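Sharing a model prediction with you, sequence too.
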Amino acid sequence: MTVSKPFLHFQGPLNHGTAFESQSLPNPSKSQPNAPATHPFIIAVCNHKGGVAKTTTCLSLGACLAEMGFSVLMIDLDPQAHLTLSLGLNPETLHRTGSDAFLANNSLISVSRETDILGLDIVPASPQLALVDKIMYGRDAYEYHLKRRLNALDANLYDYVLIDCAPAFGTLTLNALTAAELLIIPVQCEYYAAKSLRSILNLTKLIRRKTNADLNYQIVMTMYDRRNRICRIIRDQMESSISHLLFNTVIEVDTKLRESPAYAQPITRYAPETRGAQQYRALAKELLHFGK
């Protein structure tokens, strides 16, 4: 499969106040996902570039939505299992993980686990997912496997499903984007943001043509350091050129966000009054007004 030519690029060096340009993209729908529905609202969190707070965003949003009274299922589709580890689960000792939902035809419910957070469940990952990524290629309609599993869930069981994707494009990521109604793209405010954005948005347009025409997408700026000049330049460029793709909330650098996984707790429990916790709560509230 091929993708269209790059649409997001810098013109000239950053120290000359360059423009951050994009072609026009479709505006997202504005109906409310928390309105009565026949199935949970499915969100994939993905970026090909690592180290952009992808797993932190998935975990923090899930915890914030649960804190607001919603029932949430998180699915860890990254063989590195960082989301699983962040909740205190050891991927090496789990008897059932998401791999069984792909290879052994187990239901998502049968491989899910309750967490210490009320209303927050997880389908954990294990290194075996790396094998799943290869084996799935040989199966018919493999890109719809996760969607079928999600459609089989009791419609009233969860309000939201959050999928943490690996920082690479394989069969698991394709499954996540085919099943999702919304793609959240965390983007760090740094020089290589343009390159990673171009890659993931080209992929998203390809997914919309091939397997999921209803996929919407939105960008959240993460790890923003207001003291850093490059961060400020990147943010200004993005807000001036692709504002319709940006969440209003910006996630700033917070050491507590980096510490919380080591204590197997989301930021809402580890440091509930910190800036990071408040900003992810604000992002969760924005989701309530971002529709299918």
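Thanks, I have it.

and stretch 226-241, which residues are buried?
Neighbour-count burial for stretch 226-241, counted by 16 or more other CB atoms under 10 Å, picks out 231, 233, 234, 235, 237, 238. The way it works is simple: take the backbone N, C-alpha and C, and place the C-beta from them, glycine included.

Do a quick rundown of the helices in the chain.
54-67, 82-86, 98-103, 108-111, 129-135, 145-151, 171-179, 193-210, 229-241, 255-259, 267-270, 275-287 (DSSP state H).

Could you tell me the model confidence score at residue 83?
pLDDT for residue 83: 97.

For residue 284, see how far away it is.
Shown here: residue 83 relative to residue 284, a distance of 17 Å by CB to CB, to the nearest Å.

who's more crowded, those two?
The neighbour comparison of residue 83 against residue 284 (other CB atoms under 10 Å) goes to residue 83, with 28 against 22.

What residues does that one make contact with?
Residues near residue 83 by CB atoms under 8 Å, 6 or more residues apart in numbering: 55, 58, 59, 74, 76, 122, 125, 164.

How many residues are close by the first one?
Neighbouring residues of residue 55 were enumerated by other CB under 10 Å; the total is 24.

what do you get for the fourth one?
The criterion is other CB under 10 Å. On that basis, residue 74 has 30 neighbouring residues.

Make sure it is actually in contact with residue 164.
Yes: under the criterion of CB atoms under 8 Å, residue 74 makes contact with residue 164 at 6.8 Å.

Turn the buried residues of stretch 226-241 into TSV, columns for pLDDT and distance to residue 201.
As requested, those are arranged in TSV below (pLDDT from 0 to 100; distance: CB to CB, whole Å):
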residue	pLDDT	distance to residue 201
231	91	21
233	91	20
234	90	16
235	92	18
237	90	15
238	91	12
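
Skipping adjacent residues, who's closest to the spatially most central residue of the chain in space?
Note on the chain: the residue nearest the mean C-alpha position is residue 45, at 0.9 Å, using CA atoms, centre = their mean. Of all residues not flanking residue 45 in the chain, residue 58 sits nearest, at 4.4 Å (CB to CB, 6 or more residues apart in numbering).

residues contacting that neighbour?
Going by CB under 8 Å, 6+ apart, residue 58 touches 45, 74, 83, 162, 163, 164.

in the stretch 151-292 of the chain, which segments are predicted with low confidence?
194, 290-292 (pLDDT under 70).

re the thing from before, next, format the contacts of residue 83 as JSON lines and append distance to residue 275.
As requested, the contacts of residue 83 are arranged in JSON lines below (distance: CB to CB, whole Å):
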{"residue": "55", "distance to residue 275": "19"}
{"residue": "58", "distance to residue 275": "19"}
{"residue": "59", "distance to residue 275": "17"}
{"residue": "74", "distance to residue 275": "23"}
{"residue": "76", "distance to residue 275": "26"}
{"residue": "122", "distance to residue 275": "26"}
{"residue": "125", "distance to residue 275": "29"}
{"residue": "164", "distance to residue 275": "23"}
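
Cross the contacts of residue 58 against strands and list the overlap.
Counting by DSSP state E, the part of the contacts of residue 58 found in strands is 45, 74, 162, 163, 164.

can you put these in TSV and add distance to residue 279?
As requested, the ones in strands among the contacts of residue 58 are exported to TSV (distance: CB to CB, whole Å):
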residue	distance to residue 279
45	16
74	19
162	17
163	21
164	19
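
Nearest to residue 150 among the residues you listed?
Residue 150 has its nearest neighbour among those in residue 163, at 9.3 Å by CB to CB.

and the gap between that closest one and residue 171?
For residue 163, the distance to residue 171 under the criterion CB to CB works out to 14 Å.
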